[in-house]
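Participant: no letters, just coordinates:
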């Protein structure tokens, strides 16, 4: 059985081997595949693994031997799942692997805005503390989180973990979700409408999937509801945010800051307005990428392939 990985570098840049997948057949791993190379690279494969390389309906139609697709991620919008279903091709994903890593990263971004640790370290190394007349100095406001409100948009596994960490910091937690489940055991907690959450929260953190209905939902209107001292954090999908509107809100001082680990086009384009926006942290889609998370992702992918081969596919999204 031929197995092809289309874009394996992000999952395994050298520290997360494919060894367990090799036991299932003839494995070929490509670090990266351009869109016009997909059919040639995947030709003859019964199983294709992809992270961000798109498998469109027309591409699937040109892969007659394909029997199974496993996405090396939770989000599976890179695969035309309807076209795959019409062909009888199950598509699986990895629903749980990065919960703790992404939630931790949210607070890395938030705490950098609260304390600007890197800036103060740079200033100390540049000699400012040594030349200081006082025993301390600070160049930016220092923000304490206790008593503030965390607004979580999308209260699934990651959103709930972010809520738990916010509670541990002494924050109240508000959540908005299209299908609210059971409320968490801690308090204060409240379900909120989207407008109310944006208007009242001190921090808004996005954790919902991107759909055709919510693309660009964080626009000038929603941003205009936020407090002047509030922060926006996006570790979900870049397309949830109208980036020009966010840049304008930051440059005009309508909100205090933003931090994004995802943008609408990745890698980021040089003309992305967030690159020139005030008080905007931009990181290169790494919230998911701790070694522990990537190893969990690899293990689940192996189980996805094993389950398909034994005739009992798991984590099927179509």
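Facilitator: Structure received. All values reported here derive from a predicted model rather than from experimental measurement.
Participant: please, where are all the helices along the stretch 1-150 of the chain?
Facilitator: 19-22, 38-42, 57-61, 81-86, 99-115, 117-125 (DSSP state H, counting those that start in this stretch).
Participant: mind putting those in a markdown table, mean neighbour count and distance to residue 311 included?
Facilitator: Quick note: C-beta positions are derived from backbone N, CA and C, even for glycine. Below are the helices of the stretch 1-150 of the chain laid out as a markdown table (neighbours: other Cβ atoms under 10 Å; distance: least, Cβ to Cβ, whole Å):
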| stretch | mean neighbour count | distance to residue 311 |
| --- | --- | --- |
| helix 19-22 | 14 | 18 |
| helix 38-42 | 18 | 22 |
| helix 57-61 | 16 | 21 |
| helix 81-86 | 16 | 18 |
| helix 99-115 | 20 | 30 |
| helix 117-125 | 13 | 52 |
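Participant: closest one to residue 261 among the ones you listed?
Facilitator: helix 99-115 (6.7 Å; Cβ to Cβ).
Participant: list the contacts of the closest one.
Facilitator: Residues outside helix 99-115 that contact it (Cβ atoms under 8 Å, 6 or more residues apart in numbering): 117-118, 140, 142-145, 157-158, 161-162, 164-165, 169, 203, 205, 231, 233, 235, 256-257, 259, 261, 279, 281, 283, 286-290, 292-293.
Participant: now it: how far from the chain's centre is it?
Facilitator: 12 Å (Cα atoms, centre = their mean, to the nearest Å).
Participant: and residue 202, its phi and psi?
Facilitator: Main-chain torsions, residue 202, degrees, to the nearest 10: phi -80, psi -30.
Participant: nope, residue 223 is what I was after
Facilitator: Torsion angles, degrees, to the nearest 10, at residue 223: phi -60, psi -30.
Participant: just to revisit the earlier point, any quick PyMOL command for the buried ones out of the contacts of helix 99-115?
Facilitator: Paste this into PyMOL to select the buried members of the contacts of helix 99-115, with burial taken from 16 or more other Cβ atoms under 10 Å:
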select buried, resi 143+145+157+158+161+162+165+169+203+205+231+233+235+256+257+259+261+279+281+287+288+289+290+293
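Participant: in helices, which of the contacts of helix 99-115 appear?
Facilitator: Assigned to helices by DSSP state H, the following of the contacts of helix 99-115 qualify: 117-118, 157-158, 161-162, 164-165, 292-293.
Participant: thinking again about what came up before, of the helices of the stretch 1-150 of the chain, which is nearest residue 306?
Facilitator: Closest among the helices of the stretch 1-150 of the chain, once you apply Cβ to Cβ, is helix 19-22, at 8.8 Å.
Participant: packing partners for that closest one?
Facilitator: helix 291-309 (3 or more Cβ pairs under 8 Å, 6 or more residues apart in numbering; DSSP states H and E).
Participant: can you do 10 Å?
Facilitator: strand 2-5, strand 26-29, helix 291-309 (3 or more Cβ pairs under 10 Å, 6 or more residues apart in numbering; DSSP states H and E).
Participant: redo those as CSV? Include distance to residue 51.
Facilitator: What follows is those, written out as CSV (distance: least, Cβ to Cβ, whole Å):
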stretch, distance to residue 51
strand 2-5, 9
strand 26-29, 12
helix 291-309, 9
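Participant: what sits up against stretch 131-147?
Facilitator: 107, 110-111, 113-116, 119-120, 122-124, 128-129, 166, 168-172, 202-203, 229, 231, 256-257, 279 (Cβ atoms under 10 Å, 6 or more residues apart in numbering).
Participant: what's the most buried one of the helices and strands packed on helix 19-22?
Facilitator: Highest mean neighbour count of the helices and strands packed on helix 19-22: strand 2-5, a mean of 22 (counted as mean count of other Cβ atoms under 10 Å).
Participant: can you pull the pLDDT of residue 210?
Facilitator: pLDDT, residue 210: 89.
Participant: tell me how far it lies from residue 77.
Facilitator: Residue 210 is 7 Å from residue 77, where distance means Cβ to Cβ, to the nearest Å.
Participant: cool, and residue 9?
Facilitator: For residue 9, the distance to residue 77 - Cβ to Cβ - is 20 Å.
Participant: hmm, residue 313 and residue 93 touching each other?
Facilitator: No: under the criterion of Cβ atoms under 10 Å, residue 93 makes no contact with residue 313, lying 11.4 Å away.
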